[in-house]
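> Below is the sequence, then the predicted model.
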Amino acid sequence: MNAYWPAPDAWQQALRTAITDPTELLRLLQLPPSLSDQDAQNSFDLRVPRALVSRMEPGNPKDPLLLQVLPSAREMIATPGYSNDPLAELGSNPSAGVVHKYRDRVLLITSGGCAINCRYCFRRHFPYQQNQLGPEQWQQALTYIGANPELSEAILSGGDPLVTPDTRLSRMITDLAGIGHLKRIRIHTRLPVVIPERVTRTLVEALTATRLQAVVVLHCNHPREVDDSVRTAITRLRDAGITVLNQAVLLRDINDSVDTLQQLSETLFEVGVLPYYLFVLDPVAGAAHFDVSDNDAQKLVGELQTRLPGYLIPRLAREIPGRPSKTLLTPDQTDV
Ligand code: SF4
């Protein structure tokens, strides 16, 4: 083992030791326990890896990394238009663990767990128990994909698919590669950001040994989420020739400033990650306080366009249930 690759089980150790007690988190950050709300914690547990906590600023109750994970009393305020299934995914769920919303792509709920529980997550109420991909459901998923020749891409999602052990992931990728009409495999994950040791040698080998083109889409919302350990993890993926993109969610008081969005794009591009999407918030119950209006979002991205070249501008988008693709909110994204 050289320093380039982490120990194979280091990420599982980091998963096991993630902080789940708000009092412990707030004590480590020298903040009062009263900042966390018990009802919100009961409805969606706190979970945050220690590596991410080390990037939070002690003594700052408005730290943008902390606000993404801390249970807040504002989550318990019911807001009209906010629901448990904001993207109506349960209507596009042809078999357990399979979500088929867009013609040529299919999403596989590879895991119900995550390394981090993001308070704004649109799947925070998703019925993962009914969508587990056990051996039988996995065979059904493969049958479904095989019977739909228009599918060219399989997306491993969750939860976070990279909480799945490498041996199982490798088997899944091999099974998917056996379906002739699939061309690409995409992995949507926050693990390389919050537990960078997750980018193991066996994971990279599984993604490069397959005939399928592999794309990893990170989820990183703020430039302070990226430290040297994250840069190293991303470099391992990029050195192997894997395409790495980022999608972020526009969140009030976290990244709703043009300076922050500019830094995010530039920080990621320094390690070869292209900004892909900037999503406005999905109206999920408990997250209304993170919302940024479409008008403000468009102004922010318009300002960003005057500061960065077009390839560093993420596409501002919203997902609207029933539409055949994401809905872009900035049609006039000219290359400047
Ligand atoms: S699915 Fe993604 S956004 Fe949702 S809690 Fe997990 S890591 Fe966060």
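Received it, and whenever you're ready, just let me know what you need.
> For residue 86, see how far away the residue lying closest to residue 70 once chain neighbours are set aside is.
Setting aside the residues directly before and after it, residue 70 is nearest to residue 36 in space (Cβ to Cβ, 6 or more residues apart in numbering), at 5.8 Å. The way it works is simple: take the backbone N, C-alpha and C, and place the C-beta from them, glycine included. Remark: distance between residue 36 and residue 86 (Cβ to Cβ, to the nearest Å) = 24 Å.
> do residue 156 as well
From residue 156 across to residue 86, the span is 22 Å (Cβ to Cβ).
> Who has more neighbours out of those two?
Higher neighbour count among residue 156 and residue 86: residue 156, with 24 against 19, using other Cβ atoms under 10 Å.
> surely residue 211 meets residue 177?
Yes: taking Cβ atoms under 8 Å as the definition, residue 211 is a contact partner of residue 177 at 5.3 Å.
> So between the two, which is more surrounded?
residue 177 (15 against 11).
> can you pull the contacts of residue 238?
244, 271, 272, 273 (Cβ atoms under 8 Å, 6 or more residues apart in numbering).
> oh sorry, the question was meant for residue 298
Going by Cβ under 8 Å, 6+ apart, residue 298 touches 316, 329, 330.
> Just give me the neighbour total for the second one.
Spelled out, that is residue 329. The number of residues packed near residue 329 is 18, by other Cβ under 10 Å.
> Kindly report the residues of the stretch 101-250 of the chain close to the ligand.
114, 116, 117, 118, 121, 123, 158, 159, 160, 190, 219 (Cβ under 6 Å from any ligand atom).
> could you redo the last one with a cut-off of 5 Å?
Residues of the stretch 101-250 of the chain lying close to the ligand by Cβ under 5 Å from any ligand atom are 114, 118, 121, 160, 190.
> Dump those residues to CSV, plus secondary structure, pLDDT and neighbour count.
Shown next, in CSV, are these (DSSP: H, G, I helix; E, B strand; the rest coil; pLDDT from 0 to 100; neighbours: other Cβ atoms under 10 Å):
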residue, secondary structure, pLDDT, neighbour count
114, coil, 95, 23
118, coil, 97, 22
121, coil, 94, 21
160, coil, 95, 24
190, coil, 98, 24
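> and the residues you listed as a markdown table, adding distance to residue 146?
Formatted as a markdown table, those follow (distance: Cβ to Cβ, whole Å):
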| residue | distance to residue 146 |
| --- | --- |
| 114 | 29 |
| 118 | 33 |
| 121 | 31 |
| 160 | 26 |
| 190 | 30 |
